[in-house]
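Trainee: Any chance you can model this:
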Amino acid sequence: MKKVYIDNSRLIELITELTDKIVMAKFGDSAIIDNTEQDCTRYSDEAQDFFNTTYDEIENSFDTICCILSDNLKPAEDICPITAEDVEQVASSVGYGVTDEQIQDVLRLYPTIQKEDPTATWNLVVEQCLCNI
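Mentor: Coordinates of the predicted model:
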């Protein structure tokens, strides 16, 4: 089955909402502790532990059963218009030596940096990525 990647924040929100509903169904009002001194509410320790475990289980089910993953986990080659050779070329031109791991870091980082400065040329974006790793 083909993996589907969705926006990380939307996936977190979905899993959190589902998990919260399960926690509240299991623990009811005892799941929530009001902290009037800090003007906030939180889960009880037992409910928080259950939430953490259940969240991980739901996230794993989305991955293994539905093949739905965070876009943060999308392989670099699926989202990045540059290649490892491009990274090596830019690194060499600015006097950087790069490892294979650093090249993969640049390929993962490239789309984010490119969005921050969409008018920059690809080689300047790669150079900025190299500065950020």
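
Trainee: what number of residues lie near the nearest residue to A84 once chain neighbours are set aside?
Mentor: Nearest residue to A84, sequence neighbours excluded (Cβ to Cβ, 6 or more residues apart in numbering): I103, at 4.9 Å. For the C-beta atoms, the positions are set from N, CA and C on the backbone; glycine is no exception. Neighbour count for I103, taken as other Cβ atoms under 10 Å: 21.

Trainee: Report the contact partners of I103.
Mentor: A84, V87, E88 (Cβ atoms under 8 Å, 6 or more residues apart in numbering).

Trainee: change it to 10 Å
Mentor: A76, T83, A84, E85, D86, V87, E88, A91, C129, L130, I133 (Cβ atoms under 10 Å, 6 or more residues apart in numbering).

Trainee: Of those residues, which one scores lowest on pLDDT?
Mentor: The lowest pLDDT within those belongs to A76, with 55.

Trainee: Got the domain ranges for this protein?
Mentor: Here the domain assignment for the chain is 4-73, 76-132, based on automatic domain parsing.
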